[in-house]
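Q: next comes the sequence, and after it the predicted model I'd like to discuss.
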Amino acid sequence: MSLSPAEQAKARGNEFFMKGKFSAAADAYTEAITLNPENAIYYTNRALCALKVSEYDKVVEDCKSAIARESRHVKAFYLMGQALLEKGELRDSISSLDKALQLSREVSVPYSAEIASAKRTARKKLWQQEQSEYELSASAVLEDYTALLSDAQKRQAKDSN
């Protein structure tokens, strides 16, 4: 039984990917997508290539395309969560990773622990970001209060003279 042209392109992409030739692999997956645009796996394979070379917008775009074709695609939600994490879009990252984790419990995938780890990382970064924003806000309030207190003390000293 011979492979379809799209599957042949995917196989070439897999070979390039294993050799670390991510651009060539992405080109092969693009060919597979052109030949069979309804196969979600081709999009997530290309998304993984983009993730390897830090092209996070492409990862998100391909993952959305995969999800449009297969709404319960664990790998698509996972890769998108990773890309969003790298982009600093932490709430969206957590949401995507939550969905990946939920789906991974329904369908057995060998990378459930990695999904959970990525989610913990995203939650930690969000907490650190919120903590930093809180500290900046508290510092600004303290500066305002100190300035008001200083002004009040100056007025009081002026009035007592």
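A: All right, it came through fine. Numbers count the residues shown, from 1 in each chain.

Q: any idea how far the longest helix along the chain is from the chain center?
A: Longest helix in the chain, counting residues (DSSP state H): helix 112-160. Taking the mean of its C-alpha atoms, helix 112-160 sits 27 Å from the chain's own mean (Cα atoms, centre = their mean, to the nearest Å).

Q: before we move on, what about stretch 68-83?
A: The chain centre lies 10 Å from the centre of stretch 68-83; the measure is Cα atoms, centre = their mean.

Q: residues in contact with that stretch?
A: Stretch 68-83 is contacted from outside by 38-40, 43-44, 47-48, 50-51, 56-57, 59-60, 63-64, 66-67, 93-97, 99-100, 103-104, 106-107, 109, 111, 114-115, 118-119, 122, using Cβ atoms under 8 Å, 6 or more residues apart in numbering. From N, CA and C alone the C-beta is placed, and that goes for glycine too.

Q: next step: the residues you listed restricted to strands.
A: When DSSP state E is applied, these are split such that none fall in strands.
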